[in-house]
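>>> Sharing a model prediction with you, sequence too.
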Amino acid sequence: MSRVQLALNVEDLDASIAFYTKLFQTPPAKVRENYANFAIADPPLKLVLFANDGEPGTLNHIGVEVDSTDDVAAVIARTTDQGLEQEVQDKVTCCFAVQDKTWVRGPENDWEFYTVLADAPTMSCAPADPCCPA
């Protein structure tokens, strides 16, 4: 199942976690320093909160979480065929998870299409860094 990802900048992470837990009747799936994410079933949504990463109440980024690396590869192939510019990233650590992904460049916003491969101990790092699992 694919689901849209909405990543928001928040000022008070604890207050935001409490609000979204009540609003969507779902506790966070992951909470780390200045970070939380929710895997909401209804509506299918991956809600990501970043504290101290931008103007509170603003959009951090948008994306689509897909089930597998094959699904990411299908997006890469389709968008390449359509002549859309993108940045492909394999086995990168982002948001405390190892991911395969592509960032498709839009006129105003880039769209992230990704699958989670494993949990990670850090917010982000380059694929060659020792903090990233192989």
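Perfect, thanks for sending it.

>>> now the helices: where do they sit in this protein?
Counting by DSSP state H, the chain has helices at residues 13-24, 69-81.

>>> Nearest approach to N37 belongs to which of these?
helix 13-24 (10.1 Å; CB to CB). C-beta: built from backbone N, CA, C; applies to glycine.

>>> And the contacts of the closest one?
For helix 13-24, the surrounding residues in contact (CB atoms under 8 Å, 6 or more residues apart in numbering) are 8, 10, 26-28, 31, 34-36, 38, 40, 45, 47, 49, 51.

>>> on that earlier part again, of the helices of the chain, which approaches N109 most closely?
Comparing the helices of the chain by CB to CB, helix 69-81 comes nearest, at 14.7 Å.

>>> Now for P56, how many residues are close by?
14 (other CB atoms under 10 Å).

>>> out of everything not next to it in sequence, what's closest to it?
Using CB to CB, 6 or more residues apart in numbering and skipping the chain neighbours, the partner closest in space to P56 is E11 (3.7 Å).

>>> re the thing from before, restrict the contacts of helix 13-24 to the buried ones and give me that as a ChimeraX selection.
Remark: buried members of these, expressed as a ChimeraX selection using 16 or more other CB atoms under 10 Å:
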select :8,10,26,28,31,35,36,38,40,45,47,49,51
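
>>> Tally up the residues packed near R32, please.
With other CB under 10 Å as criterion, R32 counts 15.

>>> Show me what it is bridged to.
Going by DSSP bridges, R32 is paired in beta bridges with Y35.

>>> any chance you could map the strands in this protein?
For the chain, the strands defined by DSSP state E cover 3-10, 30-32, 35-40, 45-51, 59-65, 86-94, 97-104, 111-119, 124-125.

>>> Comparing those strands, which yields the minimum mean pLDDT?
Ranked by mean pLDDT, these bottom out at strand 124-125, which scores a mean of 68.

>>> Quick check: M123 vs I76, distance?
24 Å (CB to CB, to the nearest Å).
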